[in-house]
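In: Here you go, sequence then predicted model.
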Amino acid sequence: MSSAAPRLTPVVLSGGAGTRLWPLSRELHPKQLLPLTSSGTMLQETVRRLAGLALAAPIVVCNDAHRFIVAEQLRAIGMAAQAIVLEPVGRNTAPAIALAALAALAGTGGAGPGAAADDVLLLVLPADHVIRDLGAFHTAVRSAAAAARRGQLVTFGVVPHSPETGYGYIQRGAALAEGWRIARFVEKPERGRAEEFLASGGYYWNSGMFVFGARKYLDELRRLAPDIAAACEQAYASAQRDLDFSRIDAAAFAACRSESIDYAVLERTGDAVVVPLDAGWSDVGSWASLHAACEADANGNVIRGDVLAEETHDSYLHAESRLVAVVGLNDHVVVETKDAVLVAPRGRVQDVKSLVARIRQAGRSEHMLHREVFRPWGSYDSLDSGERFQVKRLTVRPGGVLSLQLHHHRAEHWVVVSGTARIT
């Protein structure tokens, strides 16, 4: 490896369906693509918080079905990705990060073991996290990068402020120049154990964010999970370039087993290090955590949209398309979209995932997409439908082009209400 300091390349993981945030989050428009805590989407905020760090252009790994929304959201904030890697199927974090590592090394002389080209440091970030203190985050990234340059595989451990049972934990071991060696990973604990972890001061929440060399990670993956490494290398070697996207070979990647980076590598390597992070972090994994991540009013309510609340406290209230009025609620979640309404006590929001499973099993579509559906050229909203008719409102972005279609038994009537259309 060259003596020059490796570059730091952000890898944004934008997979997942975010089912616990239904009905806002749908499989084809999940939470990371929604503006949940600010005017920007969670993907956009993930990229924006990197400003001030000396970084290369990001690599984004996303579901093939989300590719145009991801590309458009990056374009809207003036960010050109180094690569947008499309997963044909979800296979968890170990394979997703392997694809990103291969993409990062593609321009540096190859990704084979022992290659002479410089390594590339990866800053791996899920696209659905909230981080309030950017200064503390940047400081932790720099510490993690210093450790990674010495060959460590670094994860960020969030300093716990409560005995959370919804997060995995990391126990720290021996102190290092930056951070601590990892003694062990602990699965989501019961309340009593979580309280013990908090009191001990030697445990952190597992954030799912990492810094390490791309080549270092691939070498450890080849050693500890060779089947995953081989499947990812075969899938990436057969990838096709399509506009701004890298299309991974579907058959080869589907043959890869699903595994997290924790299980595949970090729990088994001797080079795992944790760097503490105390920066107002949340993974926004439920309506309760979204409520905690947003600024509440004097009654403890987080209100979005056209909402009237009377004698209501400590609730999350969201209206998308009409007036929502609530009276006498405490610790509740009320979310209205154009095609669904959720009402649940905040203490039961983890059960939303089971509710979405029932919607899927019933053969309904509300788990999959919103009434408004996004396409490369813009979006359409199905306003009404019946026997032999449907009415849609189309929003076509400037320069957008719809495909030319031929239907022998269909008549269409278009009314252009804004802008100018050229129709063939």
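Out: It's in. This one's a predicted model, so the numbers in the text were calculated from it and none came from an experiment.
In: so where do the helices sit in the chain?
Out: For the chain, applying DSSP state H gives helices covering 42-48, 67-76, 93-105, 134-148, 191-200, 214-224, 226-237, 250-254, 261, 287-293, 352-361.
In: want to throw those helices into JSON lines with distance to A17, mean pLDDT and mean neighbour count?
Out: (Glycine included, C-beta is placed from N, CA and C.) Converted to JSON lines, these look like this (distance: least, C-beta to C-beta, whole Å; pLDDT from 0 to 100; neighbours: other C-beta atoms under 10 Å):
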{"stretch": "helix 42-48", "distance to A17": "14", "mean pLDDT": "97", "mean neighbour count": "22"}
{"stretch": "helix 67-76", "distance to A17": "14", "mean pLDDT": "92", "mean neighbour count": "18"}
{"stretch": "helix 93-105", "distance to A17": "14", "mean pLDDT": "97", "mean neighbour count": "26"}
{"stretch": "helix 134-148", "distance to A17": "26", "mean pLDDT": "97", "mean neighbour count": "20"}
{"stretch": "helix 191-200", "distance to A17": "27", "mean pLDDT": "95", "mean neighbour count": "14"}
{"stretch": "helix 214-224", "distance to A17": "25", "mean pLDDT": "98", "mean neighbour count": "22"}
{"stretch": "helix 226-237", "distance to A17": "21", "mean pLDDT": "97", "mean neighbour count": "19"}
{"stretch": "helix 250-254", "distance to A17": "18", "mean pLDDT": "95", "mean neighbour count": "16"}
{"stretch": "helix 261", "distance to A17": "19", "mean pLDDT": "97", "mean neighbour count": "25"}
{"stretch": "helix 287-293", "distance to A17": "15", "mean pLDDT": "94", "mean neighbour count": "21"}
{"stretch": "helix 352-361", "distance to A17": "8", "mean pLDDT": "95", "mean neighbour count": "15"}
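In: could these go into CSV alongside distance to V416?
Out: Listed next are the helices of the chain as CSV, based on distance: least, C-beta to C-beta, whole Å:
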stretch, distance to V416
helix 42-48, 30
helix 67-76, 22
helix 93-105, 42
helix 134-148, 44
helix 191-200, 58
helix 214-224, 49
helix 226-237, 44
helix 250-254, 39
helix 261, 50
helix 287-293, 38
helix 352-361, 36
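In: Which one of those lies nearest to L394?
Out: helix 67-76 (15.4 Å; C-beta to C-beta).
In: list the helices and strands that closest one packs on?
Out: helix 42-48, strand 59-63, strand 83-87, strand 372-375 (3 or more C-beta pairs under 8 Å, 6 or more residues apart in numbering; DSSP states H and E).
In: how distant is that helix from the center of its chain?
Out: Chain-centre distance of helix 67-76: 14 Å, with C-alpha atoms, centre = their mean, to the nearest Å.
In: Put the alpha carbons of it into PDB.
Out: What follows is helix 67-76, C-alpha atoms only, in PDB (Å, rounded to 0.1, in the frame of the first residue of the first chain):
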ATOM      1  CA  ARG A  67     -33.100   4.400  -8.200                       C
ATOM      2  CA  PHE A  68     -34.800   7.300  -9.900                       C
ATOM      3  CA  ILE A  69     -36.000   8.900  -6.600                       C
ATOM      4  CA  VAL A  70     -32.500   8.600  -5.100                       C
ATOM      5  CA  ALA A  71     -30.900  10.100  -8.200                       C
ATOM      6  CA  GLU A  72     -33.400  13.000  -8.300                       C
ATOM      7  CA  GLN A  73     -33.000  13.700  -4.600                       C
ATOM      8  CA  LEU A  74     -29.200  13.900  -4.900                       C
ATOM      9  CA  ARG A  75     -29.600  16.100  -8.000                       C
ATOM     10  CA  ALA A  76     -31.900  18.500  -6.100                       C
END
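In: Residues contacting it, please?
Out: 14, 29, 33, 41, 43-44, 47, 60, 62, 80-81, 84, 86, 244-245, 374-376 (C-beta atoms under 8 Å, 6 or more residues apart in numbering).
In: As JSON lines, the helices and strands packed on helix 67-76 with distance to K353 would be great.
Out: Listed next are the helices and strands packed on helix 67-76 as JSON lines, based on distance: least, C-beta to C-beta, whole Å:
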{"stretch": "helix 42-48", "distance to K353": "18"}
{"stretch": "strand 59-63", "distance to K353": "18"}
{"stretch": "strand 83-87", "distance to K353": "21"}
{"stretch": "strand 372-375", "distance to K353": "23"}
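In: Can you check the pLDDT for A111?
Out: You'll see A111 listed with a pLDDT of 48.
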